[in-house]
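# Show me the folded form of this:
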Amino acid sequence: MSGAGGEGPRAGAAGPRVGAVGPRSGAEGTRAGADASRSAETAERDELFAQLRAYEGRAAATAGRGKDPVNEPMIRHWCEAVGDASPAYRGPDAVAPPTMLQAWTMGGLSGHTDGTGRSAAYDEMFALLDGAGYTSVVATDCEQEYLRPLRPGDRITFDTVIESVSPRKTTKLGTGYFVTTRTDVRADGEPAGTHRFRILKYRPAQRTEAPESARRPRPVINRDNSGFWAGVAEHRLLIQRCTDCATLRLPWLPGCNACGGAEWDTVEAGGAGTVFSHVVMHHPSFPAFAPDGDGGPYAVALVELAEGVRIVSNVIGVPYDKVRVGMPVHLEFLRTDPDLELPVFRASEGG
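The predicted structure follows:
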């Protein structure tokens with residue numbers, strides 16, 4: 001009896017040890033499940049990546065033709081828009097600014113209607129990404145190589161290939177794939193340059209917690225533009241004026257871009273202007289840029305002041321989709337938070 005009874009505690013003691021295996025088995029099961037999930041995700045990712053890689057080297061556009069030859073009006077409009085007064089782009093020996101390389105290949109609002117637009121392979125690859133949930137897109141960078149100057153009268157032809165697709169990457173915007181296309185540009189059949197364009201095709205990241213109250217990015221203030229921001233603090237929009245040739249300039253620069261003079265004073269803008277051009281920002285969502293706090297969309301305009309200079313700012317007072325070129329606007333100063341006040345332009349709806 002005593003022997004049998006003595007076995008009882010020992011057998012009973014074995015129970016907890018056996019029972020203790022349960023939690024370890026559960027943890028192992030959890031780890032195994034996580035590993036299986038990661039393996040399935042990796043397999044799905046690798047499968048998609050393998051499919052995408054199959055498009056590398058395939059044509060995105062072939063036998064493309066510029067809708068217009070290189071021409072002086074487009075060169076002039078470009079130079080006026082970016083404020084480039086170089087004499088190399090004017091006169092009988094004018095060349096086009098090298099950075100216009102891509103402009104001569106674009107199809108405009110109507111696109112390329114002669115069969116030289118995007119290829120079926122390009123559309124298939126993007127349909128594959130869309131179908132896998134990578135529905136958002138953002139341009140990330142471009143690289144250009146110039147082989148010879150483009151001159152008025154040059155006829156532009158080009159071919160575009162899907163040069164590379166990256167493995168899946170995780171960014172702050174979300175997870176996706178970087179797609180790089182390369183366009184080889186020719187002028188009258190002679191190589192003129194190469195344009196590489198890279199985008200991120202991604203699945204937007206999901207927010208897991210409410211963001212802190214958003215503030216607009218702070219402007220970079222340095223010795224060259226501190227006077228401008230000092231004027232803003234006093235509700236004055238100051239324009240630099242060269243004291244040698246009286247040319248007005250905005251944004252502020254350390255020297256005159258017309259005569260090279262280093263001395264300047266300022267004139268105060270009256271506040272009247274018109275929308276010279278504009279874009280509507282849809283992404284990324286940024287609550288600080290929308291009056292209702294939902295992050296956009298919102299209008300960003302290049303405003304031409306009555307004094308003849310231009311400034312980039314927001315247009316307020318009308319819905320973003322009502323902003324138009326030529327719309328009259330007037331200057332206001334918007335306090336976005338206790339530490340920041342910015343010049344913006346208000347338009348009347350239908351104005």
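
# C-alpha from now on. contacts and neighbour counts both.
OK.

# Show me where the chain dips below the pLDDT cut-off.
For the chain, applying pLDDT under 70 flags the ranges 1-45, 114-117, 207-213, 290-295, 349-351.

# Do a quick rundown of the helices in it.
Shown for the chain, the helices assigned by DSSP state H span residues 2-53, 72-82, 120-131, 226-233.

# Which residue comes closest to Val137 once chain neighbours are left out?
Lys201 (4.6 Å; Cα to Cα, 6 or more residues apart in numbering).

# gap between the one you found and Arg58?
18 Å (Cα to Cα, to the nearest Å).

# Of those two, which one has the most company?
Neighbour tally, Lys201 and Arg58, criterion other Cα atoms under 10 Å: the higher count belongs to Lys201, 23 against 16.

# which residues sit in contact with the more buried one?
By Cα atoms under 8 Å, 6 or more residues apart in numbering, the contact set of Lys201 is 129, 134-138, 176-179.

# What of Glu263?
242-244, 255.

# Which stretches in this structure count as strands?
59-65, 136-146, 156-165, 169-170, 174-187, 190-204, 238-242, 248-249, 264-268, 272-281, 298-305, 310-316, 328-337, 340-346 (DSSP state E).

# Can I get the third one in PDB, CA atoms only?
The C-alpha atoms that make up strand 156-165 are tabulated as PDB, following Å, rounded to 0.1, in the frame of the first residue of the first chain:
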ATOM      1  CA  ILE A 156      12.200  63.400 -82.900                       C
ATOM      2  CA  THR A 157      11.700  59.700 -82.800                       C
ATOM      3  CA  PHE A 158      12.100  57.400 -79.800                       C
ATOM      4  CA  ASP A 159      11.700  53.900 -78.400                       C
ATOM      5  CA  THR A 160      10.900  53.100 -74.800                       C
ATOM      6  CA  VAL A 161      11.600  49.800 -73.000                       C
ATOM      7  CA  ILE A 162      10.800  48.500 -69.500                       C
ATOM      8  CA  GLU A 163      14.400  48.500 -68.200                       C
ATOM      9  CA  SER A 164      13.900  47.000 -64.700                       C
ATOM     10  CA  VAL A 165      11.500  46.100 -62.000                       C
END
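
# follow-up on the earlier one: can you say which of the strands of the chain is nearest to Ala121?
Comparing those by their distance to Ala121 (Cα to Cα), the top pick is strand 59-65, with 6.6 Å.

# List the buried residues for that closest one?
By neighbour count with 16 or more other Cα atoms under 10 Å, strand 59-65 contains the buried residues 59-62, 64-65.

# ok, now stretch 134-144?
134-137, 144.

# Please name the bridge partners of Arg310.
Glu304 (DSSP bridges).

# same check, this time on Ala272
His330.

# Counting neighbours, what do you get for it?
Ala272, neighbours per other Cα under 10 Å, totals 16.

# Touching, it and Val329? I think so.
Yes: taking Cα atoms under 8 Å as the definition, Ala272 is a contact partner of Val329 at 6.2 Å.

# check contacts around Pro98.
With Cα under 8 Å, 6+ apart, Pro98 has these contacts: 146, 149-150.

# Put together a markdown table for those residues, with neighbour count and distance to Cys259 on each row.
Formatted as a markdown table, the contacts of Pro98 follow (neighbours: other Cα atoms under 10 Å; distance: Cα to Cα, whole Å):
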| residue | neighbour count | distance to Cys259 |
| --- | --- | --- |
| Tyr146 | 15 | 28 |
| Pro149 | 15 | 26 |
| Leu150 | 25 | 27 |
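
# okay, those in TSV with distance to Val280 next?
Below are these laid out as TSV (distance: Cα to Cα, whole Å):
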residue	distance to Val280
Tyr146	31
Pro149	33
Leu150	32
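
# How much space separates Tyr298 from Glu145?
34 Å.

# Out of these two, name the residue with the larger neighbour count.
For Tyr298 versus Glu145, neighbours defined as other Cα under 10 Å are more numerous around Tyr298 (23 against 14).

# So for Ala301, what's the nearest residue that isn't a sequence neighbour?
His278 (4.0 Å).

# who's in contact with Ala262?
242, 254-256.

# try 7 Å
254-256 (Cα atoms under 7 Å, 6 or more residues apart in numbering).

# just the buried members of those?
Counted by 16+ other Cα under 10 Å, those give 255-256 as buried.

# Kindly write the ChimeraX command that selects the buried subset of the contacts of Glu263.
Here the buried members of the contacts of Glu263 are turned into a ChimeraX selection, burial being counted by 16+ other Cα under 10 Å:
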select :242,255
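
# export the contacts of Glu263 to JSON lines and tack on distance to Glu72?
Output for the contacts of Glu263, formatted as JSON lines (distance: Cα to Cα, whole Å):
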{"residue": "Cys242", "distance to Glu72": "29"}
{"residue": "Thr243", "distance to Glu72": "32"}
{"residue": "Asp244", "distance to Glu72": "30"}
{"residue": "Gly255", "distance to Glu72": "28"}
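
# beta partners for the spatially most central residue of the chain?
The residue lying closest to the centre of the chain (Cα atoms, centre = their mean) is Ala139, at 5.1 Å. Bridge pairing for Ala139 (DSSP bridges) gives the partners Ile199.

# what's the distance between stretch 254-267 and the middle of its chain?
Chain-centre distance of stretch 254-267: 32 Å, with Cα atoms, centre = their mean, to the nearest Å.
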